[in-house]
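> need a 3D model of the sequence below.
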Amino acid sequence: MKDNPVFIPKLAVVGVGLIGGSLALALKSAKAVGEVVGIGRGLANLEKALELGVVDRIEQDSCAGVADADLVFLATPVRSLESVAAVIAPSMKPGAVLTDGGSVKAEVVRAIEPLMPAGVHFVPGHPIAAFATLYQGKRCILTPTEATNPAALDLVKRVWERAGSEVVLMDVEKHDRILAAISHLPHMVAYSLVNSVGSYDRYPENILDYSAGGFRDFTRIASSDPTMWRDIAMTNREALVEMMENFEACFAELKKDVREGDGEKLFEFFMRSKKSRDAIL
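A predicted model of the protein is given here:
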């Protein structure tokens, strides 16, 4: 049987930024959603989203905004997810589904699952990318638990598929460790590298002024929102520290080879990395 295009009569997006706005636009484009309500504290941002057609209605009162919504998507900073869920959950109707886009899952799941009223279901999720075509061909990881309602999980899975994503189901702990490796660690390295070079004081001028393409490309993610990355580092500490220690061990190996001038080992180290990097392209 052909899937009915509109299967979410009312979607509420809490936090109409890149992540939330992109999902709203993708579902509108797919004609999978009826009304989209944008919820947030900043009126100017909400009015811009309304003007651009990202949402159909705006609401600064989050409880009023989620009332009668069939699906609520939390697209706020990861450390705010619990407090936002605590406020809106009592106003959600029975049968409604709450999901999120946080890049850390274990702490979010532990915090939000106990807040769900009877008949309201939480499905933890994490889209790996974002733009109106942001999700096209990208992955979205859903991390259901034993408490996850199967019908709610199916609904959220369909949402991300209609947005153009490949949906992957994954254990919560596995998600956090994988993201610590492929996303969180690179940001920590980029931030550290900029601070390290920026604090080099052998010469009077700031040597960052001489940075060219390679340095700028590598450290681009160090321009990311500090609040967001503070929150991620604090909520995924165990997995992130494990990956940082693993990185320290690899960097120590490279440092030793450089100090000793061991060309053979340096070549092998660089070649091993090149092969791994080339394989993912």
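> next one: phi and psi at residue 6?
Dihedral pair for residue 6: phi -90, psi 110, per degrees, to the nearest 10.
> next, the closest residue to it other than its chain neighbours: secondary structure please.
Counting by C-beta to C-beta, 6 or more residues apart in numbering, residue 34 is the residue found nearest to residue 6 once chain neighbours are left out, at 5.6 Å. All C-beta spots, glycine's among them, are computed from the backbone N, C-alpha and C. Secondary structure, DSSP: H, G, I helix; E, B strand; the rest coil: residue 34 is strand.
> list the residues that contact residue 34.
6, 8, 9, 10, 11 (C-beta atoms under 8 Å, 6 or more residues apart in numbering).
> confirm the fourth one sits in a strand?
Think residue 10. Yes. Read with three-state DSSP, residue 10 is one of the residues of a strand.
> show me the beta-bridge partners of it.
residue 35 (DSSP bridges).
> so it touches residue 70, yeah?
Yes. Using C-beta atoms under 8 Å, residue 10 is in contact with residue 70, at 5.3 Å.
> buried residues in the top helix by length along the chain?
Longest helix in the chain by number of residues (criterion: DSSP state H): helix 237-260. Residues of helix 237-260 classed as buried: 239, 240, 243, 244, 247, 257 (neighbour count, 16 or more other C-beta atoms under 10 Å).
> output those as TSV; include the columns pLDDT and distance to residue 126.
Formatted as TSV, the buried residues of helix 237-260 follow (pLDDT from 0 to 100; distance: C-beta to C-beta, whole Å):
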residue	pLDDT	distance to residue 126
239	97	14
240	98	15
243	98	17
244	98	21
247	98	22
257	97	37
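> redo these as TSV? Include distance to residue 137.
TSV is the format used below for these (distance: C-beta to C-beta, whole Å):
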residue	distance to residue 137
239	27
240	28
243	26
244	31
247	29
257	39
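> nearest to residue 220 among the residues you listed?
Lowest distance from residue 220 to these (C-beta to C-beta) belongs to residue 247, with 18.7 Å.
> how far away is the closest one from residue 218?
Separation of residue 247 from residue 218 (C-beta to C-beta, to the nearest Å): 15 Å.
> so after the helix or strand bottoming out on mean pLDDT in the chain, what's the next helix or strand?
Least confident helix or strand of the chain, by mean pLDDT, DSSP states H and E, is helix 213-218 with a mean of 91. Toward the C-terminal end, the helix or strand that comes next after helix 213-218 (DSSP states H and E) is helix 226-235.
> any buried residues in that following helix, and which?
229, 231, 232, 233, 235.
> want to throw those into CSV with distance to residue 87?
Listed next are the buried residues of helix 226-235 as CSV, based on distance: C-beta to C-beta, whole Å:
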residue, distance to residue 87
229, 25
231, 18
232, 22
233, 25
235, 19
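> for residue 55, see how far away the residue nearest to residue 6 is.
When residue 34 is compared with residue 55 (using C-beta to C-beta), they lie 12 Å apart.
> please apply the same query to residue 93.
Taking C-beta to C-beta, one finds residue 93 at 20 Å from residue 55.
> assign a three-state SS to residue 140, would you?
strand.
> what's the burial count for it?
23 (other C-beta atoms under 10 Å).
> give the bridge partners for it, please.
residue 127, residue 167.
> now the helices for the protein?
Using DSSP H, helices in the chain cover 18-29, 43-51, 62-66, 81-88, 106-112, 150-162, 172-179, 185-198, 213-218, 226-235, 237-260, 263-279.
> how about those, which one is nearest residue 129?
helix 18-29 (8.6 Å).
> tell me the buried residues in that closest one?
Those would be 19, 20, 21, 22, 23, 24, 25, 26, 27, 28, for helix 18-29 by 16+ other C-beta under 10 Å.
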